[in-house]
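> Sequence and predicted model, in that order:
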Amino acid sequence: MNSEPLKSLADYSRFVAQLLDRADVEHSTVTVWSDSPYTGIAEGDIFFTRGLRLRMREELDFDAERITSYGYEIYRGEERLYWYDDFPHPNDQALGSSLPHHKHVPPDIKRNRVPAPEISFTRTNLPILLREIEELGKSESTGSSD
């Protein structure tokens, strides 16, 4: 797998296709497209076994080799379990360690935010999200909780 997929539209498209070629992914609507040689968008849904789904959108800058904006939402059926976004909350001291990256979690999912130090603008986030969803699926199938 390409170790630097943020270099071009072709590299990132190949990276996503290879990453989603796994047993726990039932199907995906993720597309990676561009209307310029320097930028791109990756968006769609990834449907997993065990009823989990990742809805994602990334804005990409291939010239700078970075993600410029993102949103990731994790669902079980139609229930949104949690989400990640990059909207800065500079007055929330608890998020300072990973500003602007954070995760919205229950209870009061809209206002309850925790730092997301593994999420980044300078490297791909999908492997981290897929690992997290895989662990969530395993814990749900065994009946354990975090």
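That came in fine, so what should we check first?
> pretty sure residue 97 contacts residue 117?
Yes: applying CB atoms under 8 Å as the test, residue 97 and residue 117 come out as touching, 6.3 Å apart. From N, CA and C alone the C-beta is placed, and that goes for glycine too.
> Who are the packing partners of the helix or strand containing residue 136?
If you go by DSSP states H and E, residue 136 is part of helix 126-142. On a contact count with 3 or more CB pairs under 8 Å, 6 or more residues apart in numbering; DSSP states H and E, helix 126-142 meets helix 9-19, strand 39-48, strand 52-61, strand 66-76.
> In CSV, list these along with mean neighbour count, distance to residue 124 and mean pLDDT.
Below are the helices and strands packed on helix 126-142 laid out as CSV (neighbours: other CB atoms under 10 Å; distance: least, CB to CB, whole Å; pLDDT from 0 to 100):
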stretch, mean neighbour count, distance to residue 124, mean pLDDT
helix 9-19, 18, 7, 96
strand 39-48, 18, 10, 97
strand 52-61, 19, 9, 98
strand 66-76, 17, 8, 97
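> Which one, of the ones you listed, ends up nearest to residue 30?
Smallest distance to residue 30 across the helices and strands packed on helix 126-142 (CB to CB): 3.6 Å, for strand 39-48.
> related to what we said a few turns ago, in the helix holding residue 136, what counts as buried?
Of the residues in helix 126-142, 126, 128-130, 132-134, 136-137 count as buried by neighbour count, 16 or more other CB atoms under 10 Å.
> Could you do stretch 117-128 as well?
For stretch 117-128, by 16+ other CB under 10 Å, it's 118-121, 124-126, 128.
> could you give the mean pLDDT of it?
Across stretch 117-128, pLDDT averages out at 96.
> Quote the end-to-end distance of it.
11 Å (CA to CA, to the nearest Å).
> show me the contacts for the closest residue to residue 89 other than its chain neighbours.
Spatially, and ignoring its direct neighbours in sequence, residue 89 is nearest to residue 95 (5.6 Å; CB to CB, 6 or more residues apart in numbering). Neighbour list for residue 95: 89, 102, 113-115 [criterion: CB atoms under 8 Å, 6 or more residues apart in numbering].
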